[in-house]
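> got a predicted structure here, sequence first:
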Amino acid sequence: MPDPQLTAVILAGGASRRMGRDKASLELDGVSLLERTAAAARAAGASRVVVAGPAPAAPAPALDGARFVREDPSLSGPVAALEAALAAVDTDWVLLVPCDLARPEEACRALVGGTRGPHGVVAVDATGHRQHLTALLETAAVRAGARPGTTRVRERLAGLDLAERPEPAGAPGLWEDMDTPDDVARVRAGRGGAVSGDREDESGPRGERETPRTPPRDNEIPGLRAWMAAVVAELGLPGEVIVPGPLLDTARDVATHVVRPGAPMSTYLIGVALGLQLAEAGAASPADSTPRDGTPAGADRPDAGRPDTERRVRELAARVQDLALRYGEAPGGDR
């Protein structure tokens with residue numbers, strides 16, 4: 001049943017360099033990738049469709065009523081495409097998907113169904129990466145997090161509190177896309193989920209090339225939570241500072257792409273930056289430093305400020321991760 005508060009935003013304006021042709025118009029079983037994605041989004045409940053990309057030359061039933069927008073300038077990247085699409089959205093929620101998902105109907109259903117975080121849901125692939133352009137997002141939160149000059153979707157969405165939707169055990173490759181002719185051939189042969197691991201280039205619909213990794217989630221590392229709780233107690237810190245996921249990811253990227261000893265130093269510097277930010281915020285709002293109930297500032301209360309702390313940690317960690325990836329690719333980087 002259509003949800004009047006859900007708009008699908010389909011990213012279909014990339015250069016498609018690795019495919020060698022426009023992906024949106026490429027056909028599977030006589031249906032273009034753009035059409036099948038739009039149909040999948042509608043089947044999952046989207047009442048409206050906004051396409052960030054060129055309109056097809058011939059009309060298609062699945063695209064009836066769809067609105068087409070373009071980033072300015074053309075091919076300026078997925079963040080610009082997202083901003084252009086958001087300007088055409090007037091619903092509470094956005095189903096954000098690229099036009100080249102191998103299994104769009106299953107992917108859209110998986111995002112729309114199930115538990116949502118305060119600001120939505122983001123897909124997490126088999127390597128543990130968030131696929132930021134495959135997500136269900138609260139429109140107001142995305143707009144509020146606008147960052148002029150940002151070109152990476154990961155950084156653009158870093159402040160959102162999103163639930164993660166991993167690939168189901170029985171559906172490997174659910175979030176995979178099609179970047180090359182070989183990927184398309186595998187999907188045509190019914191072997192979805194075996195598509196290439198490399199993501200499309202920066203101007204493509206995926207928009208975020210991510211180096212495969214398998215980050216250990218904190219709840220999968222025996223004893224980590226207990227150890228962190230012990231450290232927090234020893235140092236007299238509030239409980240909301242325990243935000244291990246982003247820091248583990250950052251440490252791994254720094255160790256892999258820069259130098260191993262840089263991992264603990266980078267997480268230390270994130271902590272310093274967080275402390276300075278929180279101190280500055282406290283100085284700007286001195287009236288909020290001591291709660292009315294008399295509890296000391298920073299005490300481990302249920303409402304002690306975890307959402308803001310976690311948001312800041314995720315934003316800082318995303319910046320350092322991006323720096324590590326750029327640094328590792330730079331000529332002459334200190335390896």
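Perfect, thanks for sending it.

> show me what contacts residue 125?
By CB atoms under 8 Å, 6 or more residues apart in numbering, the contact list for residue 125 reads 131, 167, 175, 176. Yep, even glycine has a C-beta here, placed from its N, CA and C like the rest.

> and those residues, which of them are in strands?
residue 131 (DSSP state E).

> which one (most neighbours) among the contacts of residue 125?
residue 175 (28 neighbours; other CB atoms under 10 Å).

> out of everything not next to it in sequence, what's closest to it?
Leaving aside its chain neighbours, residue 175 sits nearest to residue 123 (4.4 Å; criterion: CB to CB, 6 or more residues apart in numbering).

> which residues touch the residue nearest to residue 99 when sequence neighbours are not counted?
Nearest non-adjacent residue to residue 99, counting by CB to CB, 6+ apart: residue 12, 3.9 Å away. Residues near residue 12 by CB under 8 Å, 6+ apart: 23, 24, 34, 37, 51, 52, 53, 54, 98, 99, 205.

> same deal with residue 122?
Residue 122 sits next to 130, 131, 132, 134, 135, 136, 157, 162, 163, 164, 165 when contact means CB under 8 Å, 6+ apart.

> quick one: low-confidence parts of the stretch 151-300 of the chain?
Counting by pLDDT under 70, the stretch 151-300 of the chain has low-confidence residues at 191-221, 284-300.

> sketch out the helices for it, chain order is fine.
Using DSSP state H, counting those that start in this stretch, the helices of the stretch 151-300 of the chain run over residues 153-156, 181-188, 224-235, 244-257, 262-284.

> and the longest one, which residues are buried?
What it means is helix 262-284. 262, 263, 266, 267, 270, 273, 274, 277, 278 (16 or more other CB atoms under 10 Å).

> and if you look at the second one?
Of the residues in helix 181-188, those buried by neighbour count under the rule 16+ other CB under 10 Å are 183, 184, 186, 187.

> in JSON lines: those, plus distance to residue 61.
Below are the buried residues of helix 181-188 laid out as JSON lines (distance: CB to CB, whole Å):
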{"residue": "183", "distance to residue 61": "26"}
{"residue": "184", "distance to residue 61": "23"}
{"residue": "186", "distance to residue 61": "27"}
{"residue": "187", "distance to residue 61": "22"}
